[in-house]
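Engineer: Just the structure for this:
(chains A and B)
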Protein chains: 2
Amino acid sequence: MEDKNILLTIAYDGTNYFGWQRQENEITIQGEVEKALSSLFNQDITIRGASRTDTGVHALCQLALLKHKTTIPIERLPLAINAHLNTKEIVITNATYVDDSFHPQNSVYKKTYQYKIYNAPFLNPLMRNYAYFVHKSLDIQKMKEACKYFLGEKDFKAFCASGSTAKTTVREIYDLQVIKQDDTVTIEITGNGFLYNMVRIITGTLIDVGHNKIKPEHIENIILSKDRQKAGKTVSPCGLVLYKIYYK
Amino acid sequence: MEDKNILLTIAYDGTNYFGWQRQENEITIQGEVEKALSSLFNQDITIRGASRTDTGVHALCQLALLKHKTTIPIERLPLAINAHLNTKEIVITNATYVDDSFHPQNSVYKKTYQYKIYNAPFLNPLMRNYAYFVHKSLDIQKMKEACKYFLGEKDFKAFCASGSTAKTTVREIYDLQVIKQDDTVTIEITGNGFLYNMVRIITGTLIDVGHNKIKPEHIENIILSKDRQKAGKTVSPCGLVLYKIYYK
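Structural biologist: Below is the predicted model of the structure:
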């Protein structure tokens, strides 16, 4: 019997994990899902994720490819795996068959991240792990104006943390929105891919715009400068959620 | 120098606490706030809360009365107390002077609670401590229809947990809304007061309505029966937030 190609959708609260990727001596999301699968199937299982997420970053739709001969009906598989995950912090929310040609990274053509900012005089304890707390009032209109300068295919070197191994720093941003609801500001960004810490640096830069430290129209110069020092700081991972992955 | 009457507004994540009220050998919200105040003022401090909340219940606006001669400017007091709270789970968000006549329970004339339900096939790990997970689809229209039967001044004995010491089980409900946004259903209820577990039992009953186990128009009979057995179950505390307290 041949292995089946199964694509898992995984939601997780990254607060207590050293990111997605399996690591020796660290508790990671990939590591925990592989442990659950190995326990379910009684053999060592490895999976391949679509997107690495850093320590503390969350996901509502991480994707990972599992190759296995399992006879568990596909619609029952999430429940079966969840029963072996001894936590409510990681949940398999879907399983579906994919072609042999499916590649967990190369088949992805678009991703959406959400970054949440809680903007009020005092921290909201219910959001402490899910939003970045900014007590100084943000000029949302200015932040909205700044969005258009990020759109399109550009070299985002100024928005890439050092230590990146990416071959090129060119990426295309399809959409960038700033949405305010009560005291929560959500930044939603969709692109063909993102550099290391790119969403968190773009958010840090938009916060500087919201605090009138950077003018919206100055974003263009920051991008052209390719100078990481010109962009805003890398904000906390806790506000970041891998929101959606689109694949062929 | 006379004591000043200071009303504190307190937000908290109740997940890891044995409710609001101070208890020997248990970690409670009141206990932690009193510890912080005692540390700040270098003397034993007790406060009086407006509303008890149970283990696991959250609050965005609990109120508590502090009597103290402090010379710390009132607008600086929240920051000063927060600096002595060694957690981000409890935050003092406001402090204001109130009259000598202010009573932390009797001066309250209206309260609003919110109860969140996450209604989807699988648990959302980001909401696991802040919403009650219901996987079976809810008929929101039916739930909305049921709301009107709760409005007004009624004997809510059927919606009161045993062990209550309330003198009367008559309460007035001013407003009850069921609001759906994506997979989250928020029940918002405002009344002049609530019996023990009343919001959680009303929510459990509305969930039965949403699952077509109870007809909306049958709510009237349940109330008239004054029989706890006729109402729905007491749902988890994790979905409940003390949202607003109105005082004279």
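
Engineer: is it true that A:Asp155 touches A:Ile173?
Structural biologist: No. A:Asp155 is not in contact with A:Ile173 according to C-beta atoms under 8 Å; the separation is 11.9 Å. Where you see a C-beta, it was placed from the backbone N, CA and C, and this is true even at glycine.

Engineer: Of those two, which one has the most company?
Structural biologist: Neighbours of A:Asp155 and A:Ile173, each counted by other C-beta atoms under 10 Å in any protein chain shown, are more numerous for A:Ile173; the result is 21 against 14.

Engineer: Quick one: name the residues of chain A near chain B.
Structural biologist: Taking C-beta under 8 Å from any C-beta of the partner chain as the measure of proximity, chain A contacts chain B at A:11-13, A:58, A:60, A:78, A:82, A:88-94, A:121-126, A:128, A:130, A:241.

Engineer: Only the buried members of these: can you turn that into a PyMOL selection?
Structural biologist: Here is the PyMOL command that selects the buried residues among those (16 or more other C-beta atoms under 10 Å in any protein chain shown):
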select buried, chain A and resi 11+12+13+58+60+78+82+89+90+91+92+93+94+122+123+124+125+126+128+130+241
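
Engineer: can you map out the strands along chain A?
Structural biologist: For chain A, strands defined by DSSP state E occupy the ranges A:4-12, A:48-49, A:58-68, A:90-97, A:108-119, A:132-134, A:152-155, A:170-181, A:184-191, A:240-247.

Engineer: care to break chain A down by domain?
Structural biologist: For chain A, the domain assignment from automatic domain parsing gives the residue ranges A:4-97, A:109-247.

Engineer: possible to save these as TSV with distance to B:Glu145?
Structural biologist: Converted to TSV, the domains of chain A look like this (distance: least, C-beta to C-beta, whole Å):
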stretch	distance to B:Glu145
domain A:4-97	31
domain A:109-247	27
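
Engineer: Tabulate those domains in JSON lines, adding columns for mean pLDDT.
Structural biologist: Supplementary listing: those in JSON lines, determined by pLDDT from 0 to 100:
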{"stretch": "domain A:4-97", "mean pLDDT": "97"}
{"stretch": "domain A:109-247", "mean pLDDT": "97"}
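
Engineer: Show me the one of the ones you listed that comes nearest B:Ile214.
Structural biologist: Comparing the domains of chain A by their distance to B:Ile214 (C-beta to C-beta), the top pick is domain A:4-97, with 27.9 Å.

Engineer: chain center to the closest one: distance?
Structural biologist: Averaging C-alpha coordinates over domain A:4-97 and over its chain gives two centres that are 16 Å apart (C-alpha atoms, centre = their mean, to the nearest Å).

Engineer: Likewise for stretch A:144-158?
Structural biologist: Relative to where its chain is centred, stretch A:144-158 has its mean C-alpha point 18 Å off (C-alpha atoms, centre = their mean).

Engineer: Identify the residues contacting that stretch?
Structural biologist: Contacts of stretch A:144-158 from elsewhere in the structure, counted by C-beta atoms under 8 Å, 6 or more residues apart in numbering or on different chains, are A:169-178, A:189, A:195, A:198, A:202, A:205-206, A:209, A:214, A:216-217, A:219-220, A:222-223, A:225-228, A:230-231.

Engineer: Apply 6 Å and report the result again.
Structural biologist: Contacting residues not belonging to stretch A:144-158 are listed as A:169-173, A:176, A:178, A:195, A:206, A:209, A:216, A:219-220, A:222-223, A:225-228, A:230-231 [C-beta atoms under 6 Å, 6 or more residues apart in numbering or on different chains].

Engineer: Please list only the buried members of those residues.
Structural biologist: Buried positions within these, assessed by neighbour count (16+ other C-beta under 10 Å), are A:169, A:171, A:173, A:176, A:178, A:195, A:206, A:209, A:216, A:219, A:222-223, A:228, A:230-231.

Engineer: Pick the one among those residues closest to A:Leu7.
Structural biologist: Nearest to A:Leu7 among these, counting by C-beta to C-beta, is A:Arg171 at 23.9 Å.

Engineer: Contact partners for that closest one?
Structural biologist: By C-beta under 6 Å, 6+ apart, A:Arg171 lies in contact with A:Phe156, A:Gly191, A:Gly193.

Engineer: Isn't the second one up against A:Ile173?
Structural biologist: Yes. In this structure, A:Gly191 is within contact of A:Ile173 by C-beta atoms under 6 Å, at 4.4 Å.

Engineer: Report the beta-bridge partner residues of the nearest residue to A:Ile47 once chain neighbours are set aside.
Structural biologist: Nearest-residue entry for A:Ile47: A:Ala64, 4.3 Å, with adjacent residues in sequence omitted and distances by C-beta to C-beta, 6 or more residues apart in numbering or on different chains. Each beta-bridge partner of A:Ala64 is listed here: A:Leu8, A:Gly49, as defined by DSSP bridges.

Engineer: Using a markdown table, lay out the strands of chain A together with distance to B:Thr70.
Structural biologist: What follows is the strands of chain A, written out as a markdown table (distance: least, C-beta to C-beta, whole Å):
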| stretch | distance to B:Thr70 |
| --- | --- |
| strand A:4-12 | 44 |
| strand A:48-49 | 53 |
| strand A:58-68 | 40 |
| strand A:90-97 | 46 |
| strand A:108-119 | 28 |
| strand A:132-134 | 26 |
| strand A:152-155 | 55 |
| strand A:170-181 | 36 |
| strand A:184-191 | 33 |
| strand A:240-247 | 40 |
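
Engineer: Thanks a lot, catch you later.
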